[in-house]
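# fold the following and give me the result.
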Amino acid sequence: MERSARIVDPAEVLAKSVRYDLIFKVALAKAWESGDRGEIRIAEEAYLEMVRSRNGFYEAEPFRDKPEDFIESFRRTAASIRENGYDLSRPAIPVDGDGELLNGAHRLAACFAYGRKCPVVCSDRYPAGGSVHKTFVKGHIHPSVANWGIRKYFELVPEGTLAKTFGSKDDYPSLPFPSWTRRNILAFPYKVKPALMWIWYGLLLPFRKGEKREKMKRRILRERKKITGYAALAEYWRRRDANG
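Numbers count the residues shown, from 1 in each chain. You can find the predicted model right below:
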């Protein structure tokens with residue numbers, strides 16, 4: 001663990017953070033602890049729609065490109081922290097000079113959910129990006145899931161920074177989650193822009209060299225995942241429901 005790291009209550013970081021994704025991770029970790037199948041199902045649906053709207057189920061480091069990759073990776077992290085606390089042999093969670101989370105969101109969320117303290121360290125690394133509320137809106141997060149996340153925030157972090165930003169819990173009614181298969185069909189208009197970007201990057205790729213070429217390849221894959229993310233989510237739940 002870095003010399004400058006300090007052990008903190010994760011609530012300290014969560015309350016300051018404007019990262020909208022954190023509450024979905026906290027809620028899912030708590031649902032797993034509860035063992036309530038209905039609660040777990042709702043929390044997993046919300047979590048995966050959050051991930052889809054953010055990155056289409058694609059992350060380069062660590063590599064993940066399917067809904068189950070995200071669920072199982074988080075499940076392992078959460079179970080380890082719940083049973084043993086934060087593994088101090090792992091790097092501390094980086095925050096910026098204002099205390100905003102830069103990385104390690106799943107670890108922080110699990111620590112918060114299970115009442116475990118965690119090490120944080122002030123870092124000059126760049127934030128992971130794409131985690132504020134407006135990013136999920138741009139990613140066409142389903143309104144029912146967006147409202148669910150905001151209501152969960154009011155429930156779990158009532159004094160947090162985002163509670164002041166969102167206003168009143170009553171402004172976000174509880175709505176039924178959609179059929180994800182039907183959502184995939186209706187999402188066609190949302191796939192047009194990433195499809196155009198995918199084509200555009202593909203046309204530019206032959207003119208890129210070295211690191212610029214590799215960066216362009218990653219952009220092409222990211223835009224493709226934005227297109228296929230809706231179908232991947234629908235297929236994931238089709239398989240889960242078929243298997244009981």
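
# chain center to the longest strand belonging to the chain: distance?
Assignment by DSSP state E gives strand 118-122 as the longest strand of the chain. Distance of strand 118-122 from the chain centroid (C-alpha atoms, centre = their mean, to the nearest Å) equals 20 Å.

# again, but for stretch 132-140
Computed by C-alpha atoms, centre = their mean, the chain-centroid distance of stretch 132-140 equals 11 Å.

# buried residues in that stretch?
Neighbour counts over stretch 132-140 (16 or more other C-beta atoms under 10 Å) mark 132-133, 135-136, 139-140 as buried. The C-beta positions use only the backbone N, C-alpha and C, and glycine is treated the same way.

# possible to save the residues you listed as CSV with secondary structure and pLDDT?
Formatted as CSV, the buried residues of stretch 132-140 follow (DSSP: H, G, I helix; E, B strand; the rest coil; pLDDT from 0 to 100):
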residue, secondary structure, pLDDT
Val132, coil, 81
His133, helix, 85
Thr135, helix, 83
Phe136, helix, 87
Gly139, coil, 87
His140, coil, 95
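
# would you point out the most distant pair within the residues you listed?
The widest separation within these, taken as C-beta to C-beta, falls between Val132 and His140 and amounts to 15.4 Å.

# ok, and for the lengthiest helix in the chain, which residues are buried?
In the chain, taking DSSP state H as the definition, the longest helix is helix 210-242. The neighbour-count check on helix 210-242 (16+ other C-beta under 10 Å) flags 216, 219-230, 232-237 as buried.

# what comes into contact with the lowest-mean-pLDDT helix or strand in the chain?
Taking mean pLDDT, DSSP states H and E as the measure, the chain has helix 133-138 as its least confident helix or strand, at a mean of 85. For helix 133-138, the external contacting residues (C-beta atoms under 8 Å, 6 or more residues apart in numbering) are 18, 20-21, 50, 53-54, 146, 162, 165.

# now the strands for this structure?
6-8, 93-95, 118-122.

# which segments of the chain make up each domain?
For the chain, the structural domains run 6-177, 180-244, going by automatic domain parsing.
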